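[1] quick one: sequence and predicted model below, then my questions.
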Amino acid sequence: MKSWRQSQILEVVDHEAVASQEELRTHLAARGIAATQATISRDLKELGLVKRAGDGAYVRPGVERSSPAIGEQLRRAVATQVRNVERVGHQLVVRTDPGQAQGVAVLIDRAQLAEVAGTIAGDDTILIIGRGDAAAAALEVRWNEVVKG
């Protein structure tokens, strides 16, 4: 039962942005798996799952691939951590909450957006190099809609 539950935990966190043990418990219950908070806490520790900067979702350490969950995680991070997006030619200057730029930049890189050639992040600022003026403009419009809610 333990190995099955842990495999389901990995399945959930690989495909969903789960930021709390209670949320994970709800996902497991929907799959017919009853687990206490203490059990989930032990499973998370045994599996080595960590919370990601940016949106606080549980992930496997060193996950570097794009997945359907990455897009949702990026959308959440933009909605909650990004304060301003400004385009300068084919580049975007993205302002975040203090200490959040690197986590958001990692999500941008993992999402492998067609508009983005690369990112550079500091403490609260990300420089995104776009794949041309039109790509940067499209990304600016889309993210400003998310930021402004």
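    Cool, got the structure.

[2] going forward, measure contacts between C-alpha atoms and count neighbours the same way
    OK.

[3] helix or strand with the lowest mean pLDDT in this protein?
    helix 68-81 (a mean of 85; mean pLDDT, DSSP states H and E).

[4] what element comes up after that helix heading to the C-terminus?
    Per DSSP states H and E, the first helix or strand lying C-terminal to helix 68-81 is strand 82-88.

[5] got the angle for that next one vs helix 68-81?
    Interaxial angle, strand 82-88 versus helix 68-81 (axes from the mean of the first three to the mean of the last three C-alpha atoms, to 10 degrees): 100 degrees.

[6] so what's the residue lying closest to Ile129 once chain neighbours are set aside bridging to?
    Sequence neighbours aside, Gln91 is the residue nearest to Ile129 in space, at 4.7 Å (criterion: C-alpha to C-alpha, 6 or more residues apart in numbering). When assigned by DSSP bridges, Gln91 has beta-bridge partners Val88, Ile129.

[7] let me know the pLDDT of Gln91.
    Looking at Gln91, its pLDDT is 97.

[8] make 21 the starting number, not 1.
    Got it, the first residue is 21 from now on, which makes the last one we talked about Gln111.

[9] follow-up on the earlier one: buried residues in the least confident helix or strand of the chain?
    89-101 (16 or more other C-alpha atoms under 10 Å).

[10] what about the residue nearest to the spatial centre of the chain, distance to Ser40?
    Geometric centre of the chain, nearest residue: Gln93, 3.2 Å, by C-alpha atoms, centre = their mean. Look at Gln93 and Ser40: by C-alpha to C-alpha, to the nearest Å, they are 14 Å apart.

[11] now do the shared contacts for the two.
    Ala77 (C-alpha atoms under 8 Å, 6 or more residues apart in numbering).

[12] helix or strand for the closest residue to the residue nearest to the centre of the chain other than its chain neighbours, which one?
    In space, and not counting its chain neighbours, Gln93 is closest to Ala37: 5.8 Å by C-alpha to C-alpha, 6+ apart. Using DSSP H and E, Ala37 sits within no helix or strand.

[13] counting neighbours, what do you get for Ala37?
    24 (other C-alpha atoms under 10 Å).

[14] wait, it touches Ala77, no?
    Yes. Shown here, Ala37 and Ala77 form a contact pair, counting by C-alpha atoms under 8 Å, at 5.4 Å.

[15] residues that sit against both of the two, list them.
    If you check Ala37 and Ala77 against C-alpha under 8 Å, 6+ apart, the residues they both contact are Gln93.
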